[in-house]
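Q: Let me see the structure of the following:
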Amino acid sequence: MRTMPTTTAWLVSITLMAGVAATSWYLGDQAAVTVAKIAIVPLYLLATKGLRAYLQNSSLEDADLKAFMRFQFSEAALLAAFVVVVAAHANSAASRMVMDFVWIAALTGGTLTAAAWLRQRRQNSAK
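A: From the prediction side, this is the model:
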């Protein structure tokens, strides 16, 4: 598993927190809701790290398509949940939020799976 330098990790975290704060401000959220949404950022980053540790027992280069799909769709679902929570507004309908989650997860998971599969195929043909 790759690690990033501490300063880069802090920069990514702070930048993402600032983006969430700006989004929350743009949506007109109250201060308490804005703080709650900002507090989700470290949880999201920790969850992505944990997902990699949990589902990537071995290198994905050696994994089959089923393992690729399981990892990529899990990562996409985590991203979709993060986006839906950050973009939630007081007047958001629950059914709309569920549909947004499904579409984001499906499109992102499919795209990530296709990209990983193409990358693996290109690496295998280069060997």
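Q: Identify the spatial nearest neighbour of the residue nearest the centre of the chain, chain neighbours not counted.
A: Central residue of the chain (CA atoms, centre = their mean): residue 79, 2.7 Å from the mean position. Excluding the flanking residues, the one nearest residue 79 by CB to CB, 6 or more residues apart in numbering is residue 108, at 5.8 Å. Using the backbone N, CA and C atoms, a C-beta is placed for each residue, glycine as well.
Q: what distance separates the host helix or strand of residue 9 from the middle of the whole chain?
A: Using DSSP states H and E, the element containing residue 9 is helix 6-27. Chain-centre distance of helix 6-27: 14 Å, with CA atoms, centre = their mean, to the nearest Å.
Q: again with stretch 35-43
A: On CA atoms, centre = their mean, the centre of stretch 35-43 falls 14 Å from the chain's centre.
Q: any residues touching that stretch, and which ones?
A: Under the contact criterion CB atoms under 8 Å, 6 or more residues apart in numbering, stretch 35-43 has outside partners 13, 16-17, 20-21, 23-24, 29, 82, 85-86.
Q: Filter those down to the buried ones, PyMOL style.
A: With 16 or more other CB atoms under 10 Å as the criterion, this PyMOL line picks the buried residues out of the contacts of stretch 35-43:
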select buried, resi 16+17+20+21+24+29+82+85+86
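Q: that older thread, quick one: contacts for the residue nearest to the centre of the chain?
A: 104-105, 108.
Q: same deal with residue 76?
A: Taking CB under 8 Å, 6+ apart, we find residue 76 in contact with 104-109, 112.
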